[in-house]
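Trainee: Sequence below, structure please.
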Amino acid sequence: MTESLEYWDALAALEWQVELGVDEAILDVPVDRFDLPAPQPAPKPASAPVTQAAPVQPAAPAADTVAIARQLAESAGSLDVLRATMEGFEHCDLKRGARNFVFCDGHPTARVMVIGEAPGREEDQQGKPFVGRAGQLLDKMFAAIGLDRRAEGAGGLYITNMLPWRPPQNRDPKPEELAMMQPFTRRHVELAEPDVVVLMGNHACAGLLGRKGITRMRGTWEDVLGKPAMPMFHPAYLLRNPAAKRDAWADLLEIKARLT
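Mentor: As a prediction, the model looks like this:
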């Protein structure tokens, strides 16, 4: 009974203290925390034996792909060897995304060699240059001066591109891609030995002449490896700008006159 009364008395005293606002229990004697012993640091875990790190090796320099391409191109003694060499060239990333390797169309005995920019979707599918809408217009243009890619010799037309693989989404060729493949194109011209070279579009001019500006350059004879070269509007440009066909016709007449 006594213990029960002590319990209820203690509980009533606690409730009374809570009503007074007491919210923290403390000791009856103050604690001097400055007199407490300083905490000891935790022991360090056992560490693994220290080993000498291997010296960092500098990254190997990237291969000079232009120099490699130049060496391979110069070693090609025929068009067949050049084709096989280019098809086996592994340093151009475009190869990994293209469906087909596009080397040429027409006969290499033709007097006129047309150099375009890069394959498009239709060219990538068929493995031949200039077979889409732009290619059909190109055929009509040169047929007007008596040249045909199916013919040989004087009436023939030999066609290739600066790049043998299609860029993704038909984007423009990058300068580094043109520079990488330029030695092969130059060797292509040397082996085909045309009388006249036609540079179709800005990127063909950039690849073989080192400059752009087809609107200013077209209609003016240039020199490519000792061959007379005529910059012309690309047929794809003519499809978008029909008014420029008159300038293209004037350039075709210049080519015809050079061949006579």
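
Trainee: tally of neighbours for Phe130?
Mentor: 29 (other Cβ atoms under 10 Å). For the C-beta atoms, the positions are set from N, CA and C on the backbone; glycine is no exception.

Trainee: Assign it to helix, strand or coil.
Mentor: coil (DSSP: H, G, I helix; E, B strand; the rest coil).

Trainee: if I read this right, it contacts Gly106, doesn't it?
Mentor: No - Phe130 lies out of contact with Gly106 (Cβ atoms under 8 Å); the separation is 9.6 Å.

Trainee: what are the ranges of the helices in the stretch 51-200 of the chain?
Mentor: For the stretch 51-200 of the chain, the helices defined by DSSP state H, counting those that start in this stretch occupy 65-75, 79-87, 94-97, 121-126, 133-143, 175-192.

Trainee: Buried residues of the third one, list them for me.
Mentor: Across helix 94-97, burial judged by 16 or more other Cβ atoms under 10 Å covers 94-95.

Trainee: what's it in contact with?
Mentor: Residues outside helix 94-97 that contact it (Cβ atoms under 8 Å, 6 or more residues apart in numbering) are 89, 101, 163, 165-168, 177.

Trainee: hmm, 7 Å instead?
Mentor: 163, 165, 167-168, 177 (Cβ atoms under 7 Å, 6 or more residues apart in numbering).

Trainee: In CSV, list the C-alpha atoms belonging to it.
Mentor: Presented in CSV, the C-alpha positions along helix 94-97 are these (Å, rounded to 0.1, in the frame of the first residue of the first chain):
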residue,chain,number,x,y,z
LEU,A,94,32.8,7.0,-91.9
LYS,A,95,33.5,3.5,-92.9
ARG,A,96,31.9,2.1,-89.8
GLY,A,97,28.5,3.7,-90.5
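
Trainee: Quick check: phi and psi on Pro167?
Mentor: phi -70, psi 150 (degrees, to the nearest 10).

Trainee: Enumerate every residue touching it.
Mentor: Pro167 neighbours (Cβ under 7 Å, 6+ apart): 94, 118, 173.
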